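Colleague: show me the folded form of this:
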Amino acid sequence: GAYLNRFLSSTFTPGSVYKTVTLAAALEEIPQLEYRTWDCQGTVRIGDETIVCSGTHGEQGLSDAFANSCNVVFALLAAELGVEISSYAIDETDGLYIDSFYLPSTGDKTNLIVLTTGVHGMEGYIGAAMLDVFFREIHPSLDTSDTGVLVVANVNPYGMKHFRRYNENNVDLNRNFILDWDSFDLSSNKEYPKVDTFLGPTGKIGNALWHEAGFYLSLAKTAITDGADTVSDALLTGQYEYPQGVYYGGTGDEASTVYLKDVFSQCLDSSYENIVHIDIHSGYGPRYNMVIFNSVFETMTEAESRQAFGYDYIIAHDSEAFYATTGDTTDFFYRLAQQKQRESSLFSTCFEFGTIGDDFMSSILSLKYTVDENRNHWYPTTNAISAQVIHENYMELFYPTETAWREKTVQDFKTAAQGVLEAKLQ
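Modeller: Below is the predicted model:
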């Protein structure tokens, strides 16, 4: 059917991510919620929409409704809260939906906080965790009389479901947000063709030890032949000519990109005077620190950002560690704001949770895990041990299992988010 974005005007069947978010908001706003019961008969009418549940759960309390993942109860709670929840289908057969959650301000439309997660599918897990932190520990202190919140989660539902960075077409969505494809040069990455053989090896991975040795020999050969910087330069900007390669940005808007571009446009066209956007990612940076990574279009320097946000780990346009990317969400949001002459009312940034680390050896491991996963996607190994190692390494690259790491992400997110919102909300 025709594409229709109704995140500001309608309610669809809520996705599982938003049951947690709705629950957190409901516990905050609705008195004695834990003593209430609801009757689920499989469907419920909310406005003009019929919400369909996965079963008929009958009379149930809050804990049972959450355990049953009951769409009826959470749709009723969302309606009571004045929240608008939608699930935009990417692939209904595979159960792939982008979830949106809009909690409008109750009075003046001064500030709109926009949170996006899962642009890189695997990163949707850390994104879901941080959304829970936001609604439990940050949202209660906001002045909701003039501040609304819009969340767009699991932007890349295929990658989140199938544990990949890339989407159903092997596209890196954070390289797909091109403002004008007609004028865009698909061959702009001149370094990638030089190292495609190294970054995109063919054939199944066999014995783990032999493969390990082969990777490092190939890396050494590539570094000697093409230079060590060529590999990093080939990766960071994205590439648009090798569909089975890593960091492939596509040749046109992906379905998820069409949706989020329209969301951004509606935000800028709305009556909200001030927009603060945080895109949540993981992978880059020191292992136990989250980095605020500002867009090249943000004029604040690193020093100014540190002072304004009260947070030490900042990468700004003037930082030594800054690198430019092509087709990412924050840059697109700024470009679109410039087109609409609303750039003065937008702050768009990325929260990046470091996982493996940022020293030399950690960078090599990150590269290896990336190349191995992509190779195994196209040429699945028949070696069970190798398959398990590849999967576990890739999981660690985006959502480490270590308790200390996860606890630190919560601390950093709270500190950084509170600092950004205090500085940027009017």
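Colleague: mind naming the longest helix for the protein?
Modeller: Under DSSP state H, the helix in the chain containing the largest number of residues is helix 403-424.
Colleague: what residues does that helix touch?
Modeller: 113, 126, 129-130, 133-134, 137-138, 142, 274, 276, 278, 287-290, 292, 308-311, 313, 347, 349, 351, 353, 355, 400 (CB atoms under 8 Å, 6 or more residues apart in numbering). Glycine gets a C-beta too; all of them are placed from N, C-alpha and C.
Colleague: how about the backbone phi and psi for the nearest residue to Asn71 once chain neighbours are set aside?
Modeller: The shortest distance from Asn71 to any non-neighbouring residue, by CB to CB, 6 or more residues apart in numbering, is to Cys53 (4.3 Å). Dihedral angles of Cys53 (phi, psi; degrees, to the nearest 10) stand at phi -100, psi 170.
Colleague: again, but for the one 10 residues further on
Modeller: As for Ser63, its main-chain torsions (degrees, to the nearest 10) stand at phi -70, psi -40.
Colleague: list the residues that contact the closest residue to it other than its chain neighbours.
Modeller: With sequence-adjacent residues excluded and distances taken as CB to CB, 6+ apart, Ser63 is closest to Glu34, at 7.8 Å. Neighbouring residues of Glu34 by CB under 8 Å, 6+ apart: 27, 61-63.
Colleague: by neighbour count, which of those wins?
Modeller: Each of the contacts of Glu34 was scored for neighbours by other CB atoms under 10 Å, and Leu62 scores highest at 20 neighbours.
Colleague: so it touches Leu33, yeah?
Modeller: Yes. Using CB atoms under 8 Å, Leu62 is in contact with Leu33, at 6.1 Å.
Colleague: now do the strands in the chain.
Modeller: Using DSSP state E, the strands of the chain run over 37-40, 43-46, 49-52, 58-61, 84-91, 96-103, 111-117, 147-153, 274-283, 290-294, 314-315, 346-354.
Colleague: strand partners (parallel or antiparallel) of the last one?
Modeller: What it means is strand 346-354. Each strand paired with strand 346-354, and its direction, by DSSP bridges: strand 274-283 (parallel), strand 290-294 (antiparallel).
Colleague: for the ones you listed, give me a markdown table that also has mean pLDDT and distance to Thr329.
Modeller: Compiled in a markdown table, these are given as follows (pLDDT from 0 to 100; distance: least, CB to CB, whole Å):
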| stretch | mean pLDDT | distance to Thr329 |
| --- | --- | --- |
| strand 274-283 | 97 | 5 |
| strand 290-294 | 97 | 12 |
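Colleague: with mean neighbour count and distance to Gly214 added, can I get these in CSV?
Modeller: Below are these laid out as CSV (neighbours: other CB atoms under 10 Å; distance: least, CB to CB, whole Å):
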stretch, mean neighbour count, distance to Gly214
strand 274-283, 23, 24
strand 290-294, 25, 33
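Colleague: Ser188: which of the ones you listed is closest?
Modeller: With CB to CB as the measure, strand 290-294 is the member of those nearest Ser188 (21.3 Å).
Colleague: picking that back up, tell me the one of the contacts of Glu34 nearest Leu235?
Modeller: Nearest to Leu235 out of the contacts of Glu34 is Leu27 (CB to CB; 43.0 Å).
Colleague: my guess is the closest one meets Val21, correct?
Modeller: No. Applying CB under 8 Å as the test, Leu27 and Val21 come out as separate, 11.1 Å apart.
Colleague: ok, back up a step: would you mind measuring from the residue nearest to Ser63 to Phe66?
Modeller: Between Glu34 and Phe66 the distance, using CB to CB, to the nearest Å, works out to 11 Å.
Colleague: cool, Glu302 as well?
Modeller: Relative to Phe66, Glu302 is positioned 43 Å away (CB to CB).
Colleague: do the same with Ala129
Modeller: 17 Å.
Colleague: report how many residues lie close to Thr56.
Modeller: 12.
Colleague: swap that for Thr22, sorry
Modeller: The local packing of Thr22 (other CB under 10 Å) involves 25 other residues.
Colleague: next, the contact list for it, please.
Modeller: With CB under 8 Å, 6+ apart, Thr22 has these contacts: 14, 74, 77-78, 81, 83, 85, 101.
Colleague: redo those residues as TSV? Include distance to Lys408 and pLDDT.
Modeller: Formatted as TSV, the contacts of Thr22 follow (distance: CB to CB, whole Å; pLDDT from 0 to 100):
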residue	distance to Lys408	pLDDT
Pro14	30	43
Phe74	31	87
Leu77	32	89
Ala78	32	85
Leu81	31	83
Val83	30	81
Ile85	31	76
Phe101	26	85
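Colleague: out of those, which is most surrounded?
Modeller: Ranking those using other CB under 10 Å puts Ile85 first, with 30 neighbours.
Colleague: shouldn't that residue be in contact with Phe101?
Modeller: Yes. Using CB under 8 Å, Ile85 is in contact with Phe101, at 5.5 Å.
Colleague: mind listing the helices for the stretch 1-150 of the chain?
Modeller: Assigned helices in the stretch 1-150 of the chain, in chain order: 16-29, 62-67, 71-81, 124-133 (criterion: DSSP state H, counting those that start in this stretch).
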